[in-house]
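Undergrad: Could you look at this predicted model? Sequence included:
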Amino acid sequence: MSTTHTPTLTAQNTSVSVSRGQRRSRWKRGRLAIRRRAAMAAVLAVAGLSLLLAAVAAFTADSRKPDQSFVYFTVQRGELPVIITERGTIASQKNADVLCEVEDVQGDGIYGTPILWLIANGSEVKSGDLVVELDASSHKERIDQQVLETERARATHIKAKIYYENRKSRNETYLAQAKLNVQLSRLAFDQYEDEEGGT
């Protein structure tokens, strides 16, 4: 029994001695890692402090120079124009439809009335402003033709009136002549029948 018991004790003693050795090496490694981290932190702190000092030195060196890049203005109280640039579509608040009520001139070969000028889209207008100009040439030709026909009719009317007055005057003359002839004929007839005073 004692032989079997001894190896068991030896095995336990070996495992205990190994775990103590591992503990020591871990402890040494942990201390070494802590020292490394502390050294790294010290190096980083020194580098950061150096950068901070360099930035402060550069800023103070720039602030000692006269400012040539700054532009100074005198401040005055006044209106501040607020201008907003935005993309989008603008529609008028009030729209008005413009309809052409001019009749089409028949026989001119054009259907409708051509537009000569149109105000720009979106323009602001007030009452009495010209917004569209229509082509009036065919209407002017039509008016000229009507005026010409009217003048011809007036000339024909004047000619007919003169002819009527002339004919009326001539007829009155013929009538007076005929009445005179009738009276002369009656006188001649009366003289012919009158035995005492007749010829």
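TA: Thanks, I have the structure now.

Undergrad: Which residue ranges of the protein form strands?
TA: Along the chain, the stretches classed as strands by DSSP state E are 115-118, 132-134.

Undergrad: Out of the ones you listed, indicate the one that is most buried.
TA: Greatest average neighbour count among those goes to strand 132-134 (a mean of 12), per mean count of other CB atoms under 10 Å. In short, each C-beta sits where N, CA and C put it, glycine included.

Undergrad: partners of that one, with directions?
TA: strand 115-118 (antiparallel) (DSSP bridges).

Undergrad: Reformat the strands of the chain as CSV; add distance to residue 77.
TA: As requested, these are exported to CSV (distance: least, CB to CB, whole Å):
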stretch, distance to residue 77
strand 115-118, 47
strand 132-134, 48
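
Undergrad: now those strands as CSV including distance to residue 150 and mean pLDDT?
TA: Shown next, in CSV, are the strands of the chain (distance: least, CB to CB, whole Å; pLDDT from 0 to 100):
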stretch, distance to residue 150, mean pLDDT
strand 115-118, 28, 89
strand 132-134, 24, 87
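
Undergrad: closest one to residue 146 among these?
TA: Closest of the strands of the chain to residue 146 is strand 132-134, at 18.9 Å (criterion: CB to CB).

Undergrad: what residues does that closest one touch?
TA: The set of residues external to strand 132-134 that reach it, using CB atoms under 8 Å, 6 or more residues apart in numbering, is 98, 100, 102, 113-119.

Undergrad: hmm, 6 Å instead?
TA: 113, 116-118 (CB atoms under 6 Å, 6 or more residues apart in numbering).

Undergrad: try stretch 97-110
TA: The contact list for stretch 97-110 (CB under 6 Å, 6+ apart) reads 112-113, 138, 142.
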